[in-house]
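**Q** Give me the fold of what follows.
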Amino acid sequence: MIQTSIVEARHARIEVVEEGEGPVVLLVHGFPESWYSWRHQIPALAAAGYRAVAIHVRGYGRSSNPLEVEAYSMLQHVSDNLGVLEALGVERCVVIGHDWGSPIAANSALLRPDVFAAVALLSVPYNPPGGRRPTDAFAEMGAAFGEEFYISYFQEPGRAEREGGAGRPFVVARVLHRRVGRRRAGSGREEHRIRGAGRHHP
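**A** Just a heads-up that it's a prediction; the model follows:
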């Protein structure tokens, strides 16, 4: 059965959802997701004889959400992963990341191969440092789709707040409905349904 807890992970508070017993598999979600993205994988891993541990990355759920931009550096995310394992008494594990969780997982394994025995990256492949700036790559992706890439949208400080309204927590959902929905809509009816979903948010 799935269990939820809050652990003190070094200097952060991290929400942990887990199920099963055996070797640990640490699951790191992407943007703008949550541990719930792993709801199908958690019981499957548990049934296969693993201890599936999914976290709310800092800034999500009941995990710490500091205001400073510097608090979300890659080193902080890796430290959170290590802190979770320390709090659970785990010395080694496999780490799996999806979307933004993929670079977090990759850097965890790169920086602490003694702790992270194996790594799997879903949706976002490993990209070694020294290449293009990520924002340049995002701009190219947006150009390929004929519209601004959704991650680029959130790079301008205050933009989401201005367009969504102060204190409007559903601006992320509206942006994704508007942008992803247009690409996936196979018919006028489907596009109307997706756009309509965004209007239900306050």
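**Q** okay, CA-based contacts and neighbour counts for the rest of this
**A** Will do.
**Q** For Glu148, which non-adjacent residue is spatially closest?
**A** Of all residues not flanking Glu148 in the chain, Gly142 sits nearest, at 4.5 Å (Cα to Cα, 6 or more residues apart in numbering).
**Q** low pLDDT regions in this structure?
**A** Applying pLDDT under 70 to the chain flags residues 164-202.
**Q** who touches the closest residue in space to His77 that isn't next to it in sequence in this structure?
**A** In this structure, His77 finds its nearest non-sequential neighbour in Ile104, 6.5 Å apart by Cα to Cα, 6+ apart. Residues near Ile104 by Cα atoms under 8 Å, 6 or more residues apart in numbering: 28, 74, 77-78, 97.
**Q** Need the buried ones from the residues you listed selected in ChimeraX.
**A** Per 16 or more other Cα atoms under 10 Å, the buried members of these correspond to this ChimeraX selection:
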select :28,77,78,97
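**Q** quick one: which of the contacts of Ile104 is nearest to Ile55?
**A** Ile55 has its nearest neighbour among these in Val28, at 6.1 Å by Cα to Cα.
**Q** what are the bridge partners for the closest one, then?
**A** Counting by DSSP bridges, Val28 forms beta bridges with Ile55, Gly97.
**Q** Quickly find the element holding Val16.
**A** strand 12-19 (DSSP states H and E).
**Q** How much space separates the nearest residue to His98 once chain neighbours are set aside from Leu88?
**A** Spatial nearest neighbour of His98, excluding adjacent residues (Cα to Cα, 6+ apart): Leu122 at 4.6 Å. Between Leu122 and Leu88 the computed distance is 25 Å (Cα to Cα, to the nearest Å).
**Q** try Ala54
**A** Distance, Ala54 to Leu88, by Cα to Cα: 12 Å.
**Q** who's more crowded, those two?
**A** Ala54 (27 against 14; other Cα atoms under 10 Å).
**Q** Skipping adjacent residues, who's closest to the more buried one in space?
**A** That would be Leu27: by Cα to Cα, 6+ apart, it lies 4.5 Å from Ala54.
**Q** Please enumerate the strands of the protein.
**A** For the chain, applying DSSP state E gives strands covering 3-9, 12-19, 24-28, 51-55, 93-98, 116-122.
**Q** so how far is the longest one off the chain centroid?
**A** Spelled out, it's strand 12-19. Distance of strand 12-19 from the chain centroid (Cα atoms, centre = their mean, to the nearest Å) equals 14 Å.
**Q** which strands and helices sit next to it?
**A** Counting contacts by 3 or more Cα pairs under 8 Å, 6 or more residues apart in numbering; DSSP states H and E, strand 12-19 packs against strand 3-9, helix 41-47, strand 51-55, helix 74-88.
**Q** for the most centrally placed residue in the chain, what are its contacts?
**A** Residue closest to the average C-alpha location in the chain (Cα atoms, centre = their mean): Gly30, at 1.8 Å. Neighbouring residues of Gly30 by Cα under 8 Å, 6+ apart: 97-102.
**Q** switch to 10 Å and redo it
**A** Contact analysis of Gly30 by Cα atoms under 10 Å, 6 or more residues apart in numbering lists 37, 56-57, 97-104, 122-124.
**Q** try Ala120
**A** Ala120 touches 27, 94-98, 102, 105-106, 109, 126, counting by Cα under 10 Å, 6+ apart.
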